[in-house]
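**Q** can you look at this prediction? I've put the sequence above it.
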Amino acid sequence: MKKILLIVVVLSGFLNHPVHAQDNLKQMRSSRIEKIDGKDYYIHTVKKGQTLYMIAKAYEVDINDVIAENPVVKEGLKTGQKIRILVPAKTEPPRKQPRGVPDEIKPAAKPGSEEFPPCGKDRASMKSSYNIALMIPLFLNEVEQMDLTPDPDASSQDNRPLQFVQFYEGFRIALDSLKEAGVSVKVTVYDAERDTLKTLKLIQDPELKNMDLIIGMMYHRNFQIVADFAEKNNIPIVNPISERDQIVEKHKKVFKVRPSMKTQFSELIQYIQTGFADSNIVVVSDNQRINKTMANNILDVMTGKKADVHLADGYGEVLGLLSAKKGNLIVMISDNKSYVLDVVTKLNEHRNEFGVTLLGLPRWDRFDDLEADYLVNLKTHVMAAYFIDYDDPAVKKFVSVFQDRYKTDPDPLAFQGFDVTFYFISALWKYGKSFDRCIADLRMKSLQTDLRFASTKDNGFENQYWEMYEYDAYRLKRIVLK
């Protein structure tokens, strides 16, 4: 067990002077109000020394609401930067109780139930500073043996201490952004190696029981050990990368960031209904049993919704089912790269005969050598667990900060480290230790995906959101699901 980092982020001093400080802060408010998308916003120009926390307090709004309206501020404020703050809607006075109905007559709580304060108002679960544990395999005992000679053929396994380091680096950038926003946390980082005996020893650390949140960037068996510990000690634990459904079973405190394949189906049906309800829908799959089952399920559901949907038994039947009178959506279910390439090539030959949109499932985001020309010609859409839009201003800012600090480009793990850290510590700061019952209310656009958590009885929480992107003019473009 190695505790390798202790970070204390200090809360802004404004909390120490709540009365007269608030009056001074109100003087920061802008008098400029603009209507954007039908809503009124203050347009605030950032001045030197101002922080997100100060600005939120000045306008008497939640800091996460400011971030939601201005995602780029997650990377820090700049003097002269203009941000928008939603003007609070006027609230109606409480309705008077009708005459003849005594105040004490109210719906009774069900026997044995608990009454919770509204989300964000449970002061009993809130603290001025929180304890966070990051468990990540850093293989510190192998650092001295690393071969740093440049080798284009080297893999991450050759230098294991570098395998997950970008997640940690994204984590650190998020902490700095949270500090700028006035959040106070104490962080301990553990070197969580693959050896399960060392993990069992790690959870014997008495300080671990005092954690308010654990981020477990670990191998599966090691995570299960720590998840059992977290469940026993009522500590929320986050798994950033696993796709296994089992990690949330019987673990009410586990938060699984990567959506599982079973959640992809409901998102797919919603997407087809929203964007292609009037299209001719053709579903085709390879011969794998699981893919054929999914194809049949899509057929059954869309038939029940009165859609014009057909099932093609292999590519040979696809052309005969396409319509020349209206748009065609081809839902192709296969993760066999050779099969996909063959079908895409054949479809491309007939691209001028029919109006076609190709939807690739289930893991086409992992294909890196399909013909880009063909995918563009077929207006290909792909569903993925995450998508990084490098044209997004917030992404550009993160890349710039990462390059400046670490002298290299961020990989997907770096984005994941930032997103997970920023989201869950924000949840802890906004809702307190009981944030699990309020997590469905937290909407925050991350760098690479939305996070929308749901749970089932006796199980933990799983992100339900899938990204959709398309090949458009030889670039990848995010499609916003409604």
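**A** Everything's here; your move.

**Q** pLDDT (mean, whole number) over the strand or helix carrying Lys186?
**A** Per DSSP states H and E: Lys186 is located in strand 185-191. Mean per-residue pLDDT for strand 185-191: 94.

**Q** which other helices and strands contact it?
**A** Packing contacts for strand 185-191, counted by 3 or more CB pairs under 8 Å, 6 or more residues apart in numbering; DSSP states H and E, involve strand 3-8, strand 130-136, helix 165-180. Bear in mind the C-beta positions are built from the backbone N, C-alpha and C, glycine included.

**Q** send me the following helix or strand past it as PDB with only the CA atoms.
**A** Counting by DSSP H and E, the next helix or strand C-terminal to strand 185-191 is helix 196-202. C-alpha atoms of helix 196-202 as PDB (Å, rounded to 0.1, in the frame of the first residue of the first chain):
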ATOM      1  CA  THR A 196      -5.400  -8.900  -4.900                       C
ATOM      2  CA  LEU A 197      -3.500  -9.600  -1.700                       C
ATOM      3  CA  LYS A 198      -2.100  -6.100  -1.800                       C
ATOM      4  CA  THR A 199      -5.600  -4.800  -2.300                       C
ATOM      5  CA  LEU A 200      -6.800  -6.700   0.800                       C
ATOM      6  CA  LYS A 201      -4.000  -5.100   2.700                       C
ATOM      7  CA  LEU A 202      -4.800  -1.700   1.300                       C
END
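
**Q** Ala174 contacts Gln416, correct?
**A** No - if you go by CB atoms under 8 Å, Ala174 and Gln416 don't touch, sitting 10.5 Å apart.

**Q** which one of the helices and strands packed on strand 185-191 lies closest to Met146?
**A** In terms of CB to CB, the element of the helices and strands packed on strand 185-191 nearest to Met146 is helix 165-180, at 11.3 Å.

**Q** okay, buried residues for the closest one please.
**A** For helix 165-180, the neighbour count (16 or more other CB atoms under 10 Å) marks 165-175, 177-180 as buried.

**Q** could you single out the nearest of these to Val401?
**A** Set against Val401, the nearest of the buried residues of helix 165-180 by CB to CB is Ile173 (6.0 Å).

**Q** outline the domain layout of the protein.
**A** The chain breaks down by automatic domain parsing into domains covering 14-86, 123-141+160-259+391-457, 262-384.

**Q** what's the local residue count around the residue lying closest to Arg366 once chain neighbours are set aside?
**A** Closest residue to Arg366 apart from its sequence neighbours, by CB to CB, 6 or more residues apart in numbering: Asp335 at 7.7 Å. Look at Asp335: counted by other CB atoms under 10 Å, it has 17 neighbours.

**Q** same check on Pro161?
**A** Pro161 has 18 nearby residues by other CB under 10 Å.

**Q** wait, a helix at it?
**A** Yes - under DSSP: H, G, I helix; E, B strand; the rest coil, Pro161 sits within a helix.

**Q** so what's it up against?
**A** 138-140, 142-143, 146 (CB atoms under 8 Å, 6 or more residues apart in numbering).

**Q** any idea of the pLDDT on it?
**A** So Pro161 comes in at 73 (pLDDT).

**Q** which ones are touching the nearest residue to it once chain neighbours are set aside?
**A** Distance criterion CB to CB, 6+ apart; nearest residue to Pro161, sequence neighbours excluded, is Phe139 at 4.6 Å. Contact analysis of Phe139 by CB under 8 Å, 6+ apart lists 160-161, 163, 191, 193.

**Q** now Phe139: how far from Val226?
**A** Here Phe139 is placed at a distance of 18 Å from Val226 (CB to CB, to the nearest Å).

**Q** I'd like the domains of the chain as JSON lines, with distance to Leu476 appended.
**A** Below are these laid out as JSON lines (distance: least, CB to CB, whole Å):
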{"stretch": "domain 14-86", "distance to Leu476": "19"}
{"stretch": "domain 123-141+160-259+391-457", "distance to Leu476": "9"}
{"stretch": "domain 262-384", "distance to Leu476": "8"}
